[in-house]
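Visitor: All I have is the shape, not the residue letters:
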């Protein structure tokens, strides 16, 4: 452009016309690739020089003065528009890459959360059912002289085994993304069966369920069942007497309380994975849990929002 302007100023613009294609490419490139400050300075110099070269024409017209300016300015504007578009595309590409990274991170977190949930489910299933089976099997030797009691014991063992297999198959169905043969998730309605199995395993349980506790959302319904299951499993393992289970629903909360006598000290409570899994399950629903020894009894109290707001 400096060469074109120099030729235009010394010999007149018509003598520089043959260099016009080069000038158009130069102005386009200036707008498309130069920094904004350099692009503006280059355009300004060109817009000042071209009219001065046009003045050297004999009897210049308005067209002689404006046509070169419009032509070269149009090339610069086209280049500038291309640069803006390229920058916008680059920004969109960076945003898209950031979104993909964020999505990958969320998916990884979701996988970790799902693994933790499945681990809790497996623990709840295996811990309670296997504990029931072990306790019943250990007490089997005391029922050999009572055929009816022995039959009930073996029936409890068989039912616990079948239910464990059914729930394990359901979890495996979730892992395999197959829902065709999944059984309904346990909930408050099945707590009485859970208590009956625990009684057959040798632990007396006094159950109180508020009728208003029915109709919970599936997630809360399952959470209540698993909390009672874990608490009764611990009572079966470590307790020394009858347990009490209470499930009540207020206007804003579902309250679960499980108590049972324990020795002094309450060895084994709070040290295993079960209580930690219970706390994690309650945390997911923005609830509160306390598990502590009070007046010779181990008391587990859980408060969950009546409306499900899981994280």
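Guide: That came in fine, so what should we check first? Values in this document were obtained by computation on a predicted structure and should not be read as measured data. Residues are numbered from 1 along each chain as shown.
Visitor: Which neighbouring elements make contact with the helix ranked longest in the chain?
Guide: If you go by DSSP state H, the chain has its longest helix at helix 62-139. In terms of contacts (3 or more C-beta pairs under 8 Å, 6 or more residues apart in numbering; DSSP states H and E), helix 62-139 is packed against helix 20-33, helix 36-55, helix 147-175, helix 191-200, helix 218-238, helix 273-284. (Each C-beta comes from the backbone N, C-alpha and C, glycine too.)
Visitor: okay, those helices, which one's buried deepest?
Guide: helix 218-238 (a mean of 23; mean count of other C-beta atoms under 10 Å).
Visitor: could you check the angle helix 191-200 makes with that helix?
Guide: With axes from the mean of the first three to the mean of the last three C-alpha atoms, to 10 degrees applied, the angle from helix 218-238 to helix 191-200 works out at 10 degrees.
Visitor: With residue 229 as the reference, measure out to residue 163.
Guide: Per C-beta to C-beta, to the nearest Å, residue 163 is found 11 Å from residue 229.
Visitor: Is it correct that residue 235 is in contact with residue 204?
Guide: No. Taking contacts as C-beta atoms under 8 Å, residue 235 lies outside contact range of residue 204: 10.1 Å.
Visitor: Now do the shared contacts for these two.
Guide: Each of residue 243 lies in contact with both residue 235 and residue 204 under the rule C-beta atoms under 8 Å, 6 or more residues apart in numbering.
Visitor: Let me know the pLDDT of residue 183.
Guide: pLDDT for residue 183: 57.
Visitor: Nearest spatial neighbour of residue 212, chain-adjacent residues omitted?
Guide: Closest residue in space to residue 212, ignoring its immediate chain neighbours: residue 249 at 4.2 Å, by C-beta to C-beta, 6 or more residues apart in numbering.
Visitor: and residue 85, how many neighbours?
Guide: Look at residue 85: counted by other C-beta atoms under 10 Å, it has 11 neighbours.
Visitor: need the contact list for it.
Guide: Residues in contact with residue 85 (C-beta under 8 Å, 6+ apart): none are found.
Visitor: what bits of the stretch 101-250 of the chain have low per-residue confidence?
Guide: Scanning the stretch 101-250 of the chain for pLDDT under 70 picks out 110-111, 114-115, 117-119, 121, 123-128, 170-184.
Visitor: switch to 80 and redo it
Guide: 103-104, 106-146, 149, 152-153, 156, 159-160, 162-185, 215, 217-219, 238-241 (pLDDT under 80).
Visitor: distance of the residue nearest to residue 212 from residue 232?
Guide: 20 Å.
Visitor: start to end distance for stretch 185-203?
Guide: Start and end residues of stretch 185-203 are separated by 25 Å (C-alpha to C-alpha, to the nearest Å).
Visitor: got the contact list for it?
Guide: 128, 131-132, 135-136, 139, 152-153, 156, 159-160, 167, 170, 205, 207, 209, 213-214, 216, 218, 221-222, 224-226, 228-229, 232, 235-236, 239, 242-243, 245, 247, 260.
Visitor: do you know which of the helices and strands packed on helix 62-139 lies nearest residue 70?
Guide: helix 36-55 (9.9 Å; C-beta to C-beta).
Visitor: tell me the average confidence for that closest one?
Guide: pLDDT averaged over helix 36-55 gives 78.
Visitor: for it, the distance to its chain's centre please.
Guide: Here the centre of helix 36-55 is set off from its chain's centre by 57 Å, with C-alpha atoms, centre = their mean, to the nearest Å.
Visitor: May I ask which helix or strand encompasses residue 301?
Guide: Secondary structure assignment for residue 301, by DSSP states H and E: strand 297-305.
Visitor: and what of residue 258?
Guide: Judged by DSSP H and E, residue 258 forms part of strand 253-261.
Visitor: Partner strands of that strand and their direction?
Guide: Next to strand 253-261 in the sheet, as set by DSSP bridges, lie strand 243-249 (antiparallel), strand 297-305 (antiparallel).
Visitor: Can you list the buried residues in it?
Guide: 253-260 (16 or more other C-beta atoms under 10 Å).
Visitor: Pick the one among those closest to residue 147.
Guide: Set against residue 147, the nearest of these by C-beta to C-beta is residue 260 (30.5 Å).
Visitor: Tell me the predicted confidence for that closest one.
Guide: With respect to pLDDT, residue 260 has a value of 90.
Visitor: If it is in a bridge, with which residues?
Guide: residue 298.
Visitor: so it makes contact with residue 242?
Guide: Yes. Under the criterion of C-beta under 8 Å, residue 260 makes contact with residue 242 at 6.9 Å.
Visitor: about what we covered before: average model confidence for the strand holding residue 301?
Guide: Here the average pLDDT along strand 297-305 is 91.
Visitor: chain center to that strand: distance?
Guide: For strand 297-305, the distance to the chain centre is 27 Å (C-alpha atoms, centre = their mean).
Visitor: I'd assumed residue 1 was in contact with residue 26.
Guide: Yes. Residue 26 lies in contact with residue 1 (C-beta under 8 Å); the separation is 5.0 Å.
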